[in-house]
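Trainee: have a look at this fold, sequence not included:
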C-alpha cells in the first residue's frame, strides 16, 4: 500500500513539473497550414529554390511543434484551404525573404554561442596555465598539489 501511495505522489509531483504547450487556435491552424502550403506551391511553381523551401518548411514545423495541436485536424484544415492558397511571385519572394532572415538570425545566434564557448574555453585554459604545482616529499612518498 505504501508503494502505491508513493508512486501516486511521485507521479503527481513529476506531472506538475511538465510544462504544457499552449493550444493552437483555429486561426493559427489556418496560418500554419497556409504557410506550409504556400511554401510547397512556391517551390512547385519554380518561384522559390527547393533548399529555401525545405528550410522554410523545417522552420514552420519546428514552430508548429511548440504548440499543442491535433494533427488530424491540422491535416484536414490544410486540405480544406489548399485550393485557395495560390501565392504570387511576390508572395513567394516575401516568403523566401522571411526564411532567409530566420536562417541568418539562427546563424548569428550559433556564431555568438560558438564565440562564447570559445571565450569560456580560453578562460579555462588560461586558469590552467596560471596554476603552480607544489610537491612535498614525506619519506618515500611525494605529494603534489596544483593551485
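Mentor: Great, that's in hand. Computed from a predicted structure; not experimentally measured.
Trainee: lowest-pLDDT helix or strand in this structure?
Mentor: In the chain, no helix or strand scores lower on mean pLDDT, DSSP states H and E than helix 2-17, which sits at a mean of 47.
Trainee: quick check: next helix or strand after it?
Mentor: helix 26-44 (DSSP states H and E).
Trainee: counting contacts, what elements does that following helix pack onto?
Mentor: If contacts are counted by 3 or more CB pairs under 8 Å, 6 or more residues apart in numbering; DSSP states H and E, helix 26-44 sits against helix 50-64, helix 71-81, helix 89-129. Heads up, the C-betas are built off the backbone N, CA and C, glycines and all.
Trainee: quick check: buried residues in that helix?
Mentor: Under the neighbour-count criterion of 16 or more other CB atoms under 10 Å, helix 26-44 has 29-30, 32-43 buried.
Trainee: and the helices and strands packed on helix 26-44, which is most packed in?
Mentor: Comparing the helices and strands packed on helix 26-44 by mean neighbour count (mean count of other CB atoms under 10 Å), helix 50-64 ranks first with a mean of 16.
Trainee: quick revisit: distance to residue 139 and mean pLDDT added to the helices and strands packed on helix 26-44, as JSON lines?
Mentor: Shown next, in JSON lines, are the helices and strands packed on helix 26-44 (distance: least, CB to CB, whole Å; pLDDT from 0 to 100):
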{"stretch": "helix 50-64", "distance to residue 139": "64", "mean pLDDT": "96"}
{"stretch": "helix 71-81", "distance to residue 139": "73", "mean pLDDT": "94"}
{"stretch": "helix 89-129", "distance to residue 139": "30", "mean pLDDT": "94"}
